[in-house]
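Student: here's a sequence, model it:
(one chain, ligands or ions: 2)
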Amino acid sequence: MVLPFKHEPFTDFTDEAVISDFKAALDQVHGELGKEYPLVINGEKIYTDDKLESFNPSDKEQLVGKVSKATKAHVDQAMDSALEAFKTWRTWKASERADILHKAAAIVRRRKHEFSAWLVYDAGKPWNQADADIAEGIDFLEYYAREMVELEKGKEINDRPNEQNTYFYQPMGPGVTIPPWNFAFAIVAGTAVAPIVAGNPVLLKPSENTPVIAYKLVEVLEEAGLPKGVLNFVPGDPAEIGDYLVDHKDTHFVNFTGSRATGTRIMERAAKIQEGQNFLKRVVAEMGGKDTIIVDKDADLDLAADSIVNSAFGFSGQKCSACSRAIIHEDVYDEVLDKSIALTKELITVGNPADENVYMGAVVNQKQFDKIKEYIEIGKNEGELAYGGETDDSKGYFVHPTIFKDLDPKAKIMQEEIFGPVVGFAKAANFDELLEIANNTEYGLTGAVISNNRDHLNRARYDFHVGNLYFNRGCTAAIVGYHPFGGFKMSGTDSKAGGPDYLQHFVEAKMVSEMF
Ligand SMILES: NC(=O)c1ccc[n+]([C@@H]2O[C@H](COP(=O)([O-])OP(=O)(O)OC[C@H]3O[C@@H](n4cnc5c(N)ncnc54)[C@H](O)[C@@H]3O)[C@@H](O)[C@H]2O)c1
Ligand SMILES: N[C@@H](CCC=O)C(=O)O
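Tutor: Ligands and ions are numbered 1, 2, ... in the order given. A predicted model of the protein is given here:
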C-alpha cells in the first residue's frame, strides 16, 4: 500500500552521530572524485573522448568528474531510442510507472548523505542546503508517482441517454528536459521524472556545471527498473546541442528551468514547425526572479531581518527565489537594516562547504563570480555599501554577503537578477508604495510580506504579483506538495512544480464518446 505523501524530513546536523555519518559520506565521495562518466542512450553506456569537466567551486583545481559529451548524432540516436521506448512505456499502467519512482526514492533515501556529499563538491552546497536539495528530489519522486495514479483516473464528464462519454489523459511522446545547476539533484529529478511517469521518454541534458550528480540519478532510475530508452542521458555543450535538442522534429515538449535569456530563446525556437513535425511543441519554461520581501510598519522586525538574511544568503543567493530586494516602510527602515546587518555578521560564515557549519560556500564558477563582482561595483555607484562587498577567487569563487542601502527601486541592482549573495534595501512611505515597488520588476516569481496588519495582508494576497507569495516568513524554501512552485511575468510559464497541476503539462486530454 502506498502511504499518503509526506515531505522528506531534513537531517538534524546537531546530532553527533549524524555529523560523523556525513563526514564519512564526504570521505567516500572524495575518494571517487575525478572519475569518468558516460552518456546513456537506449540503456547503453557510451564514453566519448570529448568530455565536460566539472570542478569544485570552492576548490577550483579539484576535478569532481569528467562526463562524456553528446554530439548531434548522439541526440538523433537518443531520440530514436526514445521513440522506440515510447511504444511500450505509454502502455504501462500509472501504478507500474509510479512504482519505479517509489523504488528510486527508496534507493536515494538509503544513500542520502552520499548524494548530499556529491552536491557539496559538485555544486558547492553547504551540508544543510545539500540535504534539502536531495530531500526535495526524493519528494518529487514520491509526489509525482502518487499524482500520476490519480491523473490516470481521468475526470467525470456528462452522459446522455444511449451515449457514454469518457475523458482521460494520455502521454504525448518523447521530449527534452533541460535543468539548471543550482538544484542539481532536485530540479533534475523533478523535471525528468514528471514527464516520464506520465508515459513520455525523456532526453536529459543536465547543466554543464553539475553533470555528475545528474548521472547518479540516471543510475538510480536504471537500478529501480526504468526500461532502456525511457531516460537518455545526453550531457553536452549547450552551444553545440542545445538548439538541436529543442528544434528536433520529434521533440514533443521541452521542460526547461534556467535563465530568462535561455528560456525565451527556447520558447521562440520551439514555436517554429520543423520539416516532418506534425504537432505543436509544448514548452514549460521556469526562469529567473528578482524577489522582494516587503516589511510593513506594523511588523515583527526580528522576523523581518531573519527572513531577509536567510532568503538573501542561503546557498549564496543562488536560488531563483532568493531575496535580492528588501523594501521597508520608512518608519522601521533603519531598525530593520541594522538588525539585518547585525544578523548577517553573527550568522553568515563563508568557506569551503565540505567543512562543518559553513553557512555559505563559493559561487558556482568564474563567470558567475565575475558577474556578481560587477554588480557589486554597480551597486557602489547606485547606493551605499552597508555591509560586505569582499570577493576572493584565489582558491574558490568566494563572494561575501553584501548589503546595499538607500537604493532607488529602479536602480540596476534592484531590477536585474544577480544570482549571488547581494541584497538591496530601499524605503517606501506607505503600504501602497511598498506594493507598487514590489511589483515594479519584469519578474514575478516569489515574494514575502512581513506584517501584522490583516488588511494589508489581504491586499497583498491579490495585488502582489508573484507566483509564490509568503506571509511572515522568507521567500525561499518551497516544499513539494505544500508550496507548488512557478512564476508569473518573465519568471516563466507558472508550471507549479511539485503541485497538483504539474503533470498536466506532459499529457494530452482525450474524450471518447460511444453511442449504444
Ligand atoms: N523558476 C525556477 O523554478 C528556477 C529554478 C532554478 C533556477 N532558475 C533560474 O536559472 C538560472 C540559473 O541557472 P543556469 O545558470 O543554469 O541557467 P542557464 O539558462 O544558463 O542554463 C539552464 C540550462 O539551459 C541550458 N542551455 C543553455 N543554453 C541553451 C540553449 N541555447 N538551448 C538549450 N539549452 C541551453 C544549460 O546548459 C542548462 O542546462 C537563474 O536565472 C535562476 O533564477 C529558475
Ligand atoms: N524551490 C526553491 C527555488 C528553486 C530555484 O532556484 C525555493 O523555493 O527556494
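Student: how many neighbours does F419 have?
Tutor: By other Cβ atoms under 10 Å, the residues close to F419 number 24. C-beta here means a position set from N, CA and C on the backbone, and glycine is covered the same way.
Student: and it, which of the three is it?
Tutor: coil (DSSP: H, G, I helix; E, B strand; the rest coil).
Student: gap between the residue nearest to it when sequence neighbours are not counted and E240?
Tutor: In space, and not counting its chain neighbours, F419 is closest to Q318: 5.7 Å by Cβ to Cβ, 6 or more residues apart in numbering. Q318 sits 25 Å away from E240, going by Cβ to Cβ, to the nearest Å.
Student: likewise for A342?
Tutor: Taking Cβ to Cβ, one finds A342 at 49 Å from E240.
Student: nearest residue to N162 other than its sequence neighbours?
Tutor: N162's closest residue in space is F516 (Cβ to Cβ, 6+ apart), at 4.9 Å.
Student: now do S259
Tutor: Nearest to S259 is G288, by Cβ to Cβ, 6+ apart, at 5.6 Å.
Student: returning to what we had before: show me what contacts the residue nearest to F419?
Tutor: N182, V363, V364, Q368, F419, G420 (Cβ atoms under 8 Å, 6 or more residues apart in numbering).
Student: try 7 Å this time
Tutor: If a contact means Cβ atoms under 7 Å, 6 or more residues apart in numbering, then Q318 has N182, V363, V364, F419, G420 as its contacts.
Student: I'd say L385 and D406 touch.
Tutor: No: with contacts counted by Cβ atoms under 7 Å, L385 stays clear of D406, the gap being 10.4 Å.
Student: quick one on the thing from earlier: state the distance from the residue nearest to F419 to G124.
Tutor: From Q318 to G124 the distance is 9 Å (Cβ to Cβ).
Student: try S54
Tutor: In terms of Cβ to Cβ, S54 sits 11 Å off from G124.
Student: now N232
Tutor: Using Cβ to Cβ, which is the criterion applied here, N232 is 28 Å from G124.
Student: between these two, tell me which one has more neighbours.
Tutor: G124 (33 against 30).
Student: the more buried one reaches S58, doesn't it?
Tutor: Yes: with contact defined as Cβ under 7 Å, G124 and S58 form a contacting pair (5.2 Å).
Student: overlap in contacts of the two?
Tutor: Here G124 and S58 have P353, G361, A362 as joint contacts, going by Cβ under 7 Å, 6+ apart.
Student: the first one is in contact with Y359, isn't it?
Tutor: It stands for P353. No: with contact defined as Cβ under 7 Å, P353 does not count as touching Y359 (9.0 Å).
Student: run a quick neighbour tally on the residue nearest to S259.
Tutor: With other Cβ under 10 Å as criterion, G288 counts 24.
Student: in the stretch 101-250 of the chain, which spans are helices?
Tutor: Under the criterion DSSP state H, counting those that start in this stretch, helices of the stretch 101-250 of the chain are mapped to 112-122, 127-151, 186-197, 211-223, 243-247.
Student: list the buried residues of the last one.
Tutor: Looking back up the chat, that one is helix 243-247. Y244, L245, V246 (16 or more other Cβ atoms under 10 Å).
Student: please report how far the closest residue in space to K103 that isn't next to it in sequence lies from D131.
Tutor: The shortest distance from K103 to any non-neighbouring residue, by Cβ to Cβ, 6+ apart, is to A224 (4.0 Å). Here A224 is placed at a distance of 21 Å from D131 (Cβ to Cβ).
Student: more neighbours: those two, which one.
Tutor: D131 (25 against 18).
Student: that one: what's it in contact with?
Tutor: Taking Cβ under 7 Å, 6+ apart as the definition, contacts of D131 comprise F10, T11, S116.
Student: want to throw those residues into CSV with distance to ligand 1, neighbour count and pLDDT?
Tutor: Below are the contacts of D131 laid out as CSV (distance: Cβ to the nearest ligand atom, whole Å; neighbours: other Cβ atoms under 10 Å; pLDDT from 0 to 100):
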residue, distance to ligand 1, neighbour count, pLDDT
F10, 19, 11, 98
T11, 22, 21, 98
S116, 18, 26, 98
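Student: which one of these sits closest to ligand 2?
Tutor: For the contacts of D131, the minimum distance to ligand 2 (Cβ to the nearest ligand atom) is 13.6 Å, reached by F10.
Student: do you know how far I328 is from P206?
Tutor: 39 Å.
Student: let me redo that: A478
Tutor: Distance of A478 to P206, computed by Cβ to Cβ: 22 Å.
Student: and the end-to-end length of stretch 326-339?
Tutor: 13 Å (Cα to Cα, to the nearest Å).
Student: ditto for stretch 281-300
Tutor: By Cα to Cα, the extent of stretch 281-300 from end to end equals 48 Å.
Student: tell me the mean pLDDT for that stretch?
Tutor: Mean per-residue pLDDT for stretch 281-300: 98.
Student: same deal with stretch 336-347?
Tutor: The average pLDDT within stretch 336-347 is 98.
Student: just say helix, strand or coil for D334.
Tutor: helix.
Student: what count of nearby residues applies to it?
Tutor: Residues contacting D334 under the criterion other Cβ under 10 Å number 12.
Student: ok, it to ligand 2 distance?
Tutor: 29 Å (Cβ to the nearest ligand atom, to the nearest Å).
Student: need the contact list for that residue.
Tutor: Contacts of D334 (Cβ under 7 Å, 6+ apart): none.
Student: how close does it sit to K427?
Tutor: 9 Å.
Student: for K272, same thing?
Tutor: When K272 is compared with K427 (using Cβ to Cβ), they lie 46 Å apart.
Student: what do you get for I479?
Tutor: For I479, the distance to K427 - Cβ to Cβ - is 32 Å.
Student: the more surrounded of these two?
Tutor: More crowded of I479 and K427, by other Cβ under 10 Å: K427, with 23 against 16.
Student: mutual contacts of P353 and Y359, please.
Tutor: Common neighbours of P353 and Y359 are listed as P126 (criterion: Cβ under 7 Å, 6+ apart).
Student: who's more crowded, these two?
Tutor: A side-by-side neighbour count of P353 and Y359, using other Cβ under 10 Å, places P353 first with 30 against 22.
Student: what's near enough to touch the nearest residue to that one once chain neighbours are set aside?
Tutor: Excluding the flanking residues, the one nearest P353 by Cβ to Cβ, 6+ apart is G361, at 3.6 Å. The contact partners of G361, taken as Cβ under 7 Å, 6+ apart, are P57, S58, G124, K125, P126, S316, N352, P353.
Student: having no further points to raise, I will conclude here.
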